[in-house]
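Trainee: Mind looking at a prediction? Sequence and model below.
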Amino acid sequence: MRFGKRCSTEPRARDAPLFGVDHVADSPERFLADSGRVFARFDERTQDSGNVSYGVEIGGRRCFVKTAGRADTASFHDHADRVRLLRNAVHLAQSCEHRTLPKLRQVVESPRGPMLVYDWVDGELARSALNRVRALPASQVSRLLSDIYDLHVQLVGEGWVAVDFYDGAMIYDFDRRRVHAVDLDCYQRGRFTNTMGRMFGSTRFMAPEEFELGATIDERTTVFTLGRTAAELLSDGSLDRQPFGGSEAQHRVMIQSCRAHPDDRFQTVAEMNAAWLAAG
Ligand SMILES: Nc1ncnc2c1ncn2[C@@H]1O[C@H](COP(=O)(O)OP(=O)(O)O)[C@@H](O)[C@H]1O
Ligand SMILES: [Mg+2]
């Protein structure tokens with residue numbers, strides 16, 4: 001299986017699968033415990049997704065292994081839905097390689113559905129460390145945002161529309177000053193109609209059309225979410241000028257991205273990103 005469109009300049013060995021098999025008869029827990037050292041577990045104690053994920057060290061390399069958890073676990077998504085979303089995440093990873101996306105190295109099928117084996121990334125969830133992010137020099141947060149915008153230019157270029165992106169989907173490494181985006185499992189390919197009313201997501205990042213049954217969700221919805229990301233990370237969550245840490249011009253980009261009506265926003269993420277870079 002080939003991942004990503006860009007040619008990698010890194011050594012081939014980096015692309016080697018971590019496990020020598022592509023399917024197992026054991027449960028993920030059993031298989032992972034037999035294969036390496038499980039050093040982290042993300043389950044119902046911290047996640048409301050129903051998914052169960054693991055940090056596993058194998059052969060001196062750390063990876064993040066995401067699974068749909070047990071079939072009898074109740075969450076908003078049933079097990080079949082969770083499996084579908086994980087397969088969607090595989091499509092997303094296959095379509096896009098970016099410095100902010102932890103690399104998906106392998107998919108191993110198990111009786112509980114696929115195990116997605118990603119590179120482990122260091123850092124803290126922007127959501128839990130929000131105050132620390134807000135206290136960083138504006139230039140650093142501005143770069144973090146530019147990385148996230150650049151990722152979305154590429155994703156939108158592959159047809160992906162952001163769904164459920166929020167500060168819990170960004171891991172920031174304060175030492176290395178690097179951001180990674182995770183948990184993009186709900187992104188959808190192509191514009192679509194809101195059939196839910198209030199869709200999934202964190203209200204702070206959601207556009208008006210994500211609350212409106214029958215509304216169109218498209219690239220302009222992604223523009224809104226990215227504008228809100230600046231409001232959350234580079235300001236106090238408001239769109240006001242005073243608390244905003246960036247320039248006057250960056251503030252104008254945020255305001256135009258977060259207009260209530262999609263027609264009044266930047267019409268593409270590429271346009272928004274170009275304005276952001278010119279403003280920086
Ligand atoms: N590649 C990764 N490296 C290290 N930690 C990760 C990675 N991806 C996710 N995480 C951590 O695992 C948690 C759960 O992953 P996530 O993809 O958000 O699963 P869920 O579908 O349960 O929300 C995240 O909140 C984050 O703290
Ligand atoms: Mg999550």
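Mentor: Looks like it came in fine. Numbering: from 1, shown residues only. Ligands and ions are numbered 1, 2, ... in the order given.
Trainee: Walking through this structure, point out its strands one by one.
Mentor: 37-42, 52-58, 61-67, 104-110, 113-119, 124-125, 160-161, 170-173, 178-181, 188-189, 192-193, 216-217 (DSSP state E).
Trainee: so residue 277 makes contact with residue 146?
Mentor: Yes - between residue 277 and residue 146 there is a contact under CB atoms under 8 Å: 6.7 Å. Glycine gets a C-beta too; all of them are placed from N, C-alpha and C.
Trainee: Save the strands of the chain as JSON lines, and put in distance to residue 272 too.
Mentor: Written out in JSON lines, the entries for the strands of the chain read as follows (distance: least, CB to CB, whole Å):
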{"stretch": "strand 37-42", "distance to residue 272": "32"}
{"stretch": "strand 52-58", "distance to residue 272": "31"}
{"stretch": "strand 61-67", "distance to residue 272": "30"}
{"stretch": "strand 104-110", "distance to residue 272": "27"}
{"stretch": "strand 113-119", "distance to residue 272": "28"}
{"stretch": "strand 124-125", "distance to residue 272": "24"}
{"stretch": "strand 160-161", "distance to residue 272": "14"}
{"stretch": "strand 170-173", "distance to residue 272": "18"}
{"stretch": "strand 178-181", "distance to residue 272": "17"}
{"stretch": "strand 188-189", "distance to residue 272": "19"}
{"stretch": "strand 192-193", "distance to residue 272": "20"}
{"stretch": "strand 216-217", "distance to residue 272": "17"}
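Trainee: Dump those into a markdown table; add distance to residue 202, mean pLDDT and mean neighbour count as well.
Mentor: Compiled in a markdown table, the strands of the chain are given as follows (distance: least, CB to CB, whole Å; pLDDT from 0 to 100; neighbours: other CB atoms under 10 Å):
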| stretch | distance to residue 202 | mean pLDDT | mean neighbour count |
| --- | --- | --- | --- |
| strand 37-42 | 18 | 97 | 14 |
| strand 52-58 | 19 | 97 | 20 |
| strand 61-67 | 20 | 97 | 21 |
| strand 104-110 | 24 | 97 | 19 |
| strand 113-119 | 22 | 97 | 21 |
| strand 124-125 | 12 | 98 | 15 |
| strand 160-161 | 17 | 98 | 22 |
| strand 170-173 | 12 | 98 | 22 |
| strand 178-181 | 15 | 98 | 20 |
| strand 188-189 | 17 | 98 | 14 |
| strand 192-193 | 20 | 98 | 12 |
| strand 216-217 | 16 | 98 | 18 |
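Trainee: before we move on, back to that, overlap in contacts, residue 277 and residue 146.
Mentor: With contacts defined as CB atoms under 8 Å, 6 or more residues apart in numbering, no residue is shared by residue 277 and residue 146.
Trainee: Need the strands of the chain in CSV (columns: distance to ligand 1).
Mentor: Supplementary listing: those in CSV, determined by distance: least, CB to the nearest ligand atom, whole Å:
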stretch, distance to ligand 1
strand 37-42, 4
strand 52-58, 5
strand 61-67, 4
strand 104-110, 9
strand 113-119, 4
strand 124-125, 5
strand 160-161, 16
strand 170-173, 6
strand 178-181, 7
strand 188-189, 16
strand 192-193, 20
strand 216-217, 20
